[in-house]
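In: Any chance you can model this:
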Amino acid sequence: MSLIAEPKGVKRVMDTQCPFCSVQCKMQVIEEVAAAGSVPSYSVVPKPNQASEGRLCIKGMNAYQHALTAERILHPMMKIDGKFVQVTWADAYAHIVRNFHNLRDQYGQHSVGVYGGGSLTNESAYLLGKFARVALQTKYIDYNGRFCMSAAASAGVKVFGIDRGLTNQLSDIEMAECLLLAGTNIAECQPTLMPYLTRAKEKGAFLIAIDPRETGTTRIADLHLRVKPGMDATLANGMLKVLLEEGLVDQHFVDHRTNGFSELKTHLESLDMKEISELAGVPETLIRQAALAYGRAATGMVFTARGVEQQTDGHMAVRNFLNLVLLTGKIGKPGCGYGAVTGQGNGQGGREHGQKADQLPGYRLIENPEDRAYVAGVWGIDPNELPGKGVSAYEMMELVHQQEIRALFVMGSNPIVSNPNANFVEEGLKKLDFLVVADFLLSETAQLADLILPASTYLENGGTLTNLEGRVLLRESAQPVPGEVKHDWQILCELAGSLGRGSLFQYQDAEDIFDELRLASRGGVADYYGITYERLRQEEGIYWPCPEPQHPGQRRLFEASFPLPDGKALLTSVANHLPQERISDAFPLYLTTGRVLTHYLTGVQTRRSHSLAARDVESFMEIHPKTARKYRLEDAALVKVASKRGEIYVRCRYSSDIREDTVFVPMHWGNTQNVNKITNDALDPTCRMPGFKVCAVHVSPFVAE
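Out: Predicted structure coming up:
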């Protein structure tokens with residue numbers, strides 16, 4: 001049902017782009033009203049664009065439903081005696097200021113934390129970072145993108161000197177003779193990209209997929225390596241060893257463009273292929289076949305996603321796949337490169353401009369004196385006013401639990417479902433003295449809030465987003481906000497004013513904020529200075545880095561050198577790393593998690609879309625029939641899945657497409673179906689990514705108590 005009343009016979013066309021995955025497909029939402037007082041009807045058509053080439057998936061086709069649902073939060077809501085009561089914006093801001101000031105006076109300025117989201121526009125993400133550090137002066141800010149890209153981001157910075165989702169354009173895919181997809185299910189997570197893969201195959205490309213289960217993506221592969229959960233880095237070691245033994249190293253590239261080869265060579269020579277095969281759970285013949293296909297191809301690309309990255313060794317696992325790229329010299333030229341397939345709509349831009357605990361806009365580092373001085377100058381404050389770095393997203397939840405963080409401001413995120421060990425997180429959030437959530441739907445986290453601020457949706461909130469290629473896109477506002485809803489950036493500016501810092505948050509619109517972001521990023525790694533709204537309207541999208549208004553944007557990175565001190569990339573010796581949590585008699589199966597085609601992240605939006613919810617009403621556990629019979633589980637029956645941290649109840653689904661030692665549960669449901677109640681909260685030591693993709697579980701039939 002529309003929240004905007006329309007007269008009879010009106011046809012309204014809303015130009016926008018999908019709010020979900022990192023492709024950011026362009027589209028039109030068309031509203032028609034047949035008669036006065038009648039319910040509007042909607043249709044959605046894709047618009048031509050360079051990334052999706054005019055395609056939309058089922059999520060994009062139905063995204064308008066959550067934006068127009070009657071479940072929208074339309075007014076500020078304060079919890080009084082356990083129930084939400086509508087209040088004015090003035091009362092809401094006064095309530096926030098009073099609580100924040102009291103807690104800061106009693107427990108210090110860092111007792112208030114800020115928790116953001118990877119679907120916020122670049123403008124909102126930038127402003128949220130500035131708000132935390134300037135208006136609140138707290139060091140505690142991070143965001144749910146920590147669970148999306150942190151392993152690939154940190155690996156890219158260390159190995160290449162820069163973190164951008166793809167090192168080249170999507171159009172390079174069909175020029176590749178070999179494609180290696182590690183831990184990515186593009187068919188369900190970024191389905192509008194599938195034609196790039198199928199066209200490459202039509203031209204003769206050999207496609208290798210690494211995944212513990214059969215998926216829509218692995219089904220089009222020429223070779224599927226069913227790796228044991230958590231053993232991706234070991235599998236990559238096997239491929240690297242074959243490349244070395246078979247003379248498939250591009251020695252000229254290695255000698256002139258990399259450091260660390262001799263150490264890596266010694267390490268690989270010490271490894272045993274039989275042991276690698278046993279650890280990875282993949283036959284040696286298949287490891288060899290994959291290595292030869294990639295090594296012998298003249299051109300090739302490697303893609304990683306959450307299957308590789310959401311591990312307790314995710315950072316090093318990605319670096320081992322980057323070793324494959326570097327040893328064969330397949331980077332910096334057409335048909336070659338690396339891609340971290342971003343999950344969230346603006347997971348790329350969200351981390352570039354200040355939501356991460358240690359970063360300032362443009363990928364500047366908050367503990368670097370020069371970076372602090374530059375950004376402080378743009379913001380009009382003394383560098384000494386800027387706090388130091390905080391901690392990662394899950395570590396913030398630990399500090400909440402310990403009551404070092406006493407109040408939390410959450411914008412566009414649902415940490416109670418997205419964090420690992422979710423029971424622990426929920427217990428912590430309930431301990432907070434004050435919880436504020438800015439969102440447009442009542443998420444599981446918002447239900448715990450003391451105050452909810454109504455935010456705008458993708459149809460209403462214009463701004464820029466950066467897709468998985470590093471291409472900056474402009475999403476125009478398509479309709480007015482309903483009720484008393486405000487845009488994220490308006491909430492932040494008005495709240496900063498109430499906190500006494502309004503003079504530093506004077507913006508008329510999102511473009512004003514972007515112009516300041518451009519300046520704040522100038523000279524940084526993620527340099528947006530040359531990108532303007534005017535250019536984006538004319539050119540559709542522009543790749544960063546783009547240092548000057550006349551610069552075309554850098555479509556392909558590393559053609560001549562890498563942005564490291566000597567211009568060379570870093571090869572790395574990676575040990576065979578066992579998962580932090582392993583199976584036992586008490587917990588004999590591996591659990592891995594992921595997505596399904598019809599839902600997105602914690603499902604807050606897609607579960608409000610009747611067309612999407614009807615296709616996947618409830619969660620499920622995918623299990624091999626042989627394994628299911630061993631544990632007396634009936635197909636389609638309710639089952640209990642338990643780990644050391646908790647238990648969930650989901651529907652059993654037989655599938656011969658998964659390893660017999662592994663079960664799979666998607667991540668899009670909350671409450672008793674929330675898989676993150678049982679996932680492992682151990683963190684990667686480098687990037688602080690939780691080990692979502694591997695934990696040990698026990699499965700049993702559901703028994704009503």
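
In: can you point me to the longest helix in the protein?
Out: helix 89-107 (DSSP state H).

In: so what does that helix touch, helix or strand wise?
Out: strand 77-80, strand 112-116, strand 407-411, strand 434-439, strand 451-454, helix 488-498 (3 or more CB pairs under 8 Å, 6 or more residues apart in numbering; DSSP states H and E). Glycine gets a C-beta too; all of them are placed from N, C-alpha and C.

In: Can you list the buried residues in it?
Out: For helix 89-107, a neighbour-count test (16 or more other CB atoms under 10 Å) marks 89, 92-93, 95-96, 99-100, 103-104, 107 as buried.

In: Export the residues you listed to JSON lines and append columns for pLDDT and distance to residue 545.
Out: Formatted as JSON lines, the buried residues of helix 89-107 follow (pLDDT from 0 to 100; distance: CB to CB, whole Å):
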{"residue": "89", "pLDDT": "98", "distance to residue 545": "39"}
{"residue": "92", "pLDDT": "98", "distance to residue 545": "40"}
{"residue": "93", "pLDDT": "98", "distance to residue 545": "38"}
{"residue": "95", "pLDDT": "98", "distance to residue 545": "42"}
{"residue": "96", "pLDDT": "98", "distance to residue 545": "37"}
{"residue": "99", "pLDDT": "98", "distance to residue 545": "41"}
{"residue": "100", "pLDDT": "98", "distance to residue 545": "37"}
{"residue": "103", "pLDDT": "98", "distance to residue 545": "40"}
{"residue": "104", "pLDDT": "97", "distance to residue 545": "38"}
{"residue": "107", "pLDDT": "98", "distance to residue 545": "41"}
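
In: of those, closest to residue 410?
Out: Nearest to residue 410 out of the buried residues of helix 89-107 is residue 96 (CB to CB; 12.5 Å).

In: Who are the contact partners of the closest one?
Out: 409, 434, 436, 451, 495, 498 (CB atoms under 8 Å, 6 or more residues apart in numbering).

In: Compare the residues you listed and tell me which has the most neighbours.
Out: residue 409 (27 neighbours; other CB atoms under 10 Å).

In: Residue 113 is in contact with that one, correct?
Out: Yes: Residue 409 lies in contact with residue 113 (CB atoms under 8 Å); the separation is 7.2 Å.

In: for the protein, what are the low-confidence residue spans?
Out: The model of the chain has pLDDT under 70 over residues 1-10, 705.

In: In three-state terms, how would the spatially most central residue of it be classified?
Out: Nearest to the geometric centre of the chain sits residue 148, at 3.4 Å (CA atoms, centre = their mean). Under the three-state scheme (DSSP: H, G, I helix; E, B strand; the rest coil), residue 148 adopts helix.

In: do residue 59 as well
Out: Going by three-state DSSP: residue 59 is helix.

In: Skip the chain neighbours and tell me the closest residue to it.
Out: residue 20 (4.9 Å; CB to CB, 6 or more residues apart in numbering).

In: same question, residue 263
Out: Using CB to CB, 6+ apart, the nearest residue to residue 263 is residue 573, at 5.4 Å.

In: ditto for residue 703
Out: In space, residue 703 is closest to residue 640, 7.9 Å off (CB to CB, 6+ apart).

In: ok, now which ones touch the one you found?
Out: Counted by CB under 8 Å, 6+ apart, residue 640 has contacts 647-649, 699-703.

In: you'd agree it is in a strand?
Out: Yes: secondary structure of residue 640 (three-state DSSP): part of a strand.

In: tell me the strands in the stretch 101-250 of the chain, going along the chain?
Out: Taking DSSP state E, counting those that start in this stretch as the criterion, the stretch 101-250 of the chain contains strands spanning 112-116, 141-143, 178-182, 206-210, 223-225.

In: re the thing from before, and the contacts of residue 96, which is closest to residue 688?
Out: residue 409 (20.7 Å).

In: how close does the closest one sit to residue 115?
Out: Here residue 409 is placed at a distance of 7 Å from residue 115 (CB to CB, to the nearest Å).

In: again, but for residue 220
Out: Counting by CB to CB - residue 220 and residue 115 are separated by 38 Å.

In: higher neighbour count, these two?
Out: Using other CB under 10 Å, the more surrounded residue of residue 220 and residue 115 is residue 115, with 29 against 17.
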